[in-house]
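**Q** Need coordinates for the following:
(chains A and B)
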Amino acid sequence: TQLLEQSPQFLSIQEGENLTVYCNSSSVFSSLQWYRQEPGEGPVLLVTVVTGGEVKKLKRLTFQFGDARKDSSLHITAAQTGDTGLYLCAGALIQGAQKLVFGQGTRLTINP
Amino acid sequence: EAGVVQSPRYKIIEKKQPVAFWCNPISGHNTLYWYLQNLGQGPELLIRYENEEAVDDSQLPKDRFSAERLKGVDSTLKIQPAELGDSAVYLCASSLFSGAYNEQFFGPGTRLTVL
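**A** Below is the predicted model:
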């Protein structure tokens, strides 16, 4: 059983479309991170959210942490082919915890 | 600043053979992690070091896996003997414990294929 459930597991859309991927749990997290992983590479940190209800923007990417700190979403506006990759959410159950729990990932494909 | 370095990038071995992976973390990072990642899945923690001490190895299959981090810098993960089910990507990550948020930096991984 995954502590963090990501949905959808696979998403394939056309360039220019918008999309949202989700990361859900029944547990409360102290902080949550989103990573992007490209084939043959390790995950790269995109953002860390720490406050319930927090919204962070990174160019065309908008990240939101749920009010109860049990879920998060990643919204991409006007997707580009360079956004293709595996998006992973990872959470820390305790503030300052050195252990992260990872979701299974959403594999995103942006078609030209 | 150099990132996390792992070698080899790829390894193909026959089952029952031993294999070792090496990781050099970002300079100054005191925490080092080894993860296993199956295709299309998220990383799963195998072992976490704080300096030279293994502080979380609960998910490490100790009958065949071993790891060390001598001098608290680079680390080696070993499998002996390898099984078919060990085929996966082995990721190393490091972080600087700041007491706030754990932001981990990953290496490119070693893709292991066991035949």
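
**Q** interface residues of chain B facing chain A?
**A** Taking C-beta under 8 Å from any C-beta of the partner chain as the criterion, chain B approaches chain A at residues B:4, B:31, B:40-45, B:48, B:50, B:55-56, B:91, B:93, B:95, B:97, B:99-109, B:111. Just so you know, the C-beta spots here come from the backbone N, C-alpha and C atoms, and that holds for glycine as well.

**Q** for A:G82, helix, strand, or coil?
**A** Classification of A:G82 using DSSP: H, G, I helix; E, B strand; the rest coil returns helix.

**Q** And for the residue of chain A found nearest chain B, the neighbour number?
**A** Chain B sits closest to A:G42 of chain A, with a gap of 3.0 Å, by C-beta to the nearest C-beta. Residues lying near A:G42 (other C-beta atoms under 10 Å in any protein chain shown) number 23.

**Q** Tell me the spacing between it and A:N18.
**A** 28 Å (C-beta to C-beta, to the nearest Å).

**Q** Out of the residues of chain B next to chain A, which end up buried?
**A** Buried subset of the residues of chain B next to chain A (neighbour count, 16 or more other C-beta atoms under 10 Å in any protein chain shown): B:4, B:31, B:41-43, B:45, B:48, B:50, B:91, B:93, B:95, B:101-102, B:104-109, B:111.

**Q** Which of those fall within strands?
**A** Counted as lying in strands by DSSP state E, out of these, are B:31, B:45, B:48, B:50, B:91, B:93, B:95, B:105-106, B:111.

**Q** counting contacts, what elements does the helix or strand bottoming out on mean pLDDT in chain B pack onto?
**A** Comparing helices and strands within chain B by mean pLDDT, DSSP states H and E singles out strand B:53-56 as the least confident, with a mean of 90. Counting by 3 or more C-beta pairs under 8 Å, 6 or more residues apart in numbering or on different chains; DSSP states H and E, the packing neighbours recorded for strand B:53-56 are strand B:44-50.

**Q** Sheet-wise, list the partners of the strand it packs on with their directions.
**A** Here strand B:44-50 has these sheet partners by DSSP bridges: strand B:31-37 (antiparallel), strand B:53-56 (antiparallel).

**Q** Cross-check the contact I'm expecting between A:P112 and A:Q80.
**A** No - in terms of C-beta atoms under 8 Å, A:P112 does not count as a neighbour of A:Q80; the distance is 9.3 Å.

**Q** can you list residues touching both of those two?
**A** Jointly contacting A:P112 and A:Q80 under the rule C-beta atoms under 8 Å, 6 or more residues apart in numbering or on different chains are A:E15.

**Q** Quickly check the ones in strands among the buried ones among the residues of chain B next to chain A for the two that are furthest apart.
**A** Farthest pair in these (C-beta to C-beta) is B:E50 and B:R111. Separation: 27.3 Å.

**Q** tell me the most buried of the strands paired with strand B:44-50?
**A** Of those, the one with the most neighbours on average (mean count of other C-beta atoms under 10 Å in any protein chain shown) is strand B:31-37, at a mean of 24.

**Q** Using PDB, list the CA coordinates for it.
**A** In PDB, the C-alpha atoms belonging to strand B:31-37 read as follows (Å, rounded to 0.1, in the frame of the first residue of the first chain):
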ATOM      1  CA  THR B  31      23.300  12.600   4.800                       C
ATOM      2  CA  LEU B  32      23.500   9.900   2.100                       C
ATOM      3  CA  TYR B  33      20.700   7.700   0.800                       C
ATOM      4  CA  TRP B  34      20.600   4.600  -1.400                       C
ATOM      5  CA  TYR B  35      17.300   4.000  -3.200                       C
ATOM      6  CA  LEU B  36      16.000   1.300  -5.400                       C
ATOM      7  CA  GLN B  37      13.700   2.300  -8.300                       C
END
